[in-house]
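Colleague: starting from these lines, generate the structure:
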Amino acid sequence: MIRTCFTVTPAILSWNLNCRSCSSPALKVFEGNYTPPADLVRSASATFGICPSETVISSNTQTRHPPLKAVATLLEDDTSAIVTLKSSGLDRPSRLDGKIYASYAARYEGRVVQEIIRADGGQGDFMEATPAVMGIWDTLLKGDADATWIFMGWEGIDAQLKGIELNVFKLADYGIPYGYTPVLVALPQTLQEKPDVVRAFLRATSRGFQYAAQHPAEAAQYLLAAGADSMDERLAHASQEMVSKHYLDAAGRWGYMQADRWDKFLDWLDDKGLLTSAMPSRNPVEGVSASLDDLRAGKAGQKIPRSSVSATDLFTNEFLPSS
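Modeller: Residues are numbered from 1 along each chain as shown. Okay, here's the model as predicted:
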């Protein structure tokens, strides 16, 4: 049985479209789970999970847990952004100095936000709050935080439908060659021991995304059928209409990644001094982990040589269907 954990909504429709109708192994899906999907994959509680590319980089630059490998990207383009409410007057990143950022507490997250602020002429001096992950968006809407990182294809659409105007700061606009996000990950051991299972799963998943790219309205109906009863129908349809344009590459393929894109993001992390050894922790251990405040203050452990991090260790297209 394949056990998959995901919290990114575009993936739900794909597996519902295919795993009931094609010759693929039995599938159990974990959703609505507050445990990070990457953690479930590391512990072998799930065969596949979804996370940003930074999580893959992080897992390959530490020794406490098994590394992860990306086997597909869900979206070919970065549809994420740092946002503030238009009503806040925080209309450029430099104005986030001294403000509250609602964080997912990821290893590089706060420091990436710092670099956006600095690229706009600010100091990068802000407070990093860590509300419950599933409530981060509401934290911004309620005014308990000044900024956060969202997917424009979900929270961004939600804001549009509610008539809430946002200031949107896209990473590329501030010189950050951000990597693929989200990506589908597995343990290297799984790829070695169960290659046929991985290929079957990705073949079914690819078919789902191909269908969704061509039929966003129908895909939204699958999403609604698989989602919580409280899911907003207008949001599901508007979201699929937007993200369906980002599922496939120029050749019409789903999931394929380029080494150059991984390398550019790694080079940027290295150039900004963000490839460091300390892991984030609420109870930091000297020489091993650091608080989010310490990470932003540069107390982030030892520098990791860029030469020790290879894109080929982070991703593979080997198991994706050729057409």
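Colleague: going forward, measure contacts between C-alpha atoms and count neighbours the same way
Modeller: Will do.
Colleague: in this structure, which helix or strand is least confident?
Modeller: helix 10-18 (a mean of 52; mean pLDDT, DSSP states H and E).
Colleague: can you give me the helices in this protein?
Modeller: 10-18, 37-42, 53-59, 109-119, 136-141, 157-161, 188-193, 195-214, 216-226, 233-243, 259-271, 292-296, 311-314 (DSSP state H).
Colleague: could I get those helices as TSV with mean neighbour count?
Modeller: Output for the helices of the chain, formatted as TSV (neighbours: other C-alpha atoms under 10 Å):
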stretch	mean neighbour count
helix 10-18	22
helix 37-42	22
helix 53-59	22
helix 109-119	21
helix 136-141	18
helix 157-161	17
helix 188-193	14
helix 195-214	21
helix 216-226	20
helix 233-243	20
helix 259-271	17
helix 292-296	21
helix 311-314	16
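Colleague: how close does the closest residue to Ile57 other than its chain neighbours sit to Gly110?
Modeller: Once flanking residues are discounted, Ile57 sits nearest to Leu314: 6.8 Å by C-alpha to C-alpha, 6 or more residues apart in numbering. From Leu314 across to Gly110, the span is 22 Å (C-alpha to C-alpha, to the nearest Å).
Colleague: who's in contact with Ser206?
Modeller: 14, 254-255, 320-321 (C-alpha atoms under 8 Å, 6 or more residues apart in numbering).
Colleague: out of these, grab the one that's most surrounded.
Modeller: Trp254 (29 neighbours; other C-alpha atoms under 10 Å).
Colleague: doesn't Leu74 make contact with that residue?
Modeller: Yes: at 7.4 Å, Trp254 counts as touching Leu74 under the criterion of C-alpha atoms under 8 Å.
Colleague: which residues do these two both contact?
Modeller: Tyr247.
Colleague: the nearest residue to Leu187 once chain neighbours are set aside: neighbour count?
Modeller: Closest residue to Leu187 apart from its sequence neighbours, by C-alpha to C-alpha, 6+ apart: Leu68 at 5.1 Å. Using other C-alpha under 10 Å, the number of residues around Leu68 comes to 27.
Colleague: please apply the same query to Met152.
Modeller: 22.
Colleague: try Tyr101
Modeller: 27.
Colleague: roughly how far does it sit from His65?
Modeller: Tyr101 is 28 Å from His65, by C-alpha to C-alpha.
Colleague: over to Asp196?
Modeller: Asp196 sits 25 Å away from His65, going by C-alpha to C-alpha.
Colleague: got the contact list for Leu266?
Modeller: Arg306.
Colleague: give me that answer again for 10 Å
Modeller: The contact partners of Leu266, by C-alpha atoms under 10 Å, 6 or more residues apart in numbering, come to 54, 57, 177-179, 260, 272, 274-275, 306, 309-311.
Colleague: out of those residues, which is nearest to Ser94?
Modeller: Distance to Ser94, by C-alpha to C-alpha, is smallest for Lys272 among those, at 17.8 Å.
Colleague: so that closest one sits right up against Arg111, yeah?
Modeller: Yes: using C-alpha atoms under 10 Å as the test, Lys272 is close enough to Arg111 to be in contact (9.3 Å).
Colleague: shared neighbours of the two, anything?
Modeller: What both Lys272 and Arg111 touch, as defined by C-alpha under 10 Å, 6+ apart, is an empty set.
Colleague: low pLDDT regions in the protein?
Modeller: Counting by pLDDT under 70, the chain has low-confidence residues at 1-34, 228.
Colleague: please redo it, this time with the cut-off set to 80
Modeller: 1-34, 226-230, 323 (pLDDT under 80).
Colleague: which residues touch the residue most central in space within it?
Modeller: With distances taken as C-alpha atoms, centre = their mean, Pro52 lies nearest the centre of the chain, 2.9 Å away. By C-alpha under 10 Å, 6+ apart, Pro52 lies in contact with 38, 70, 73, 179-185.
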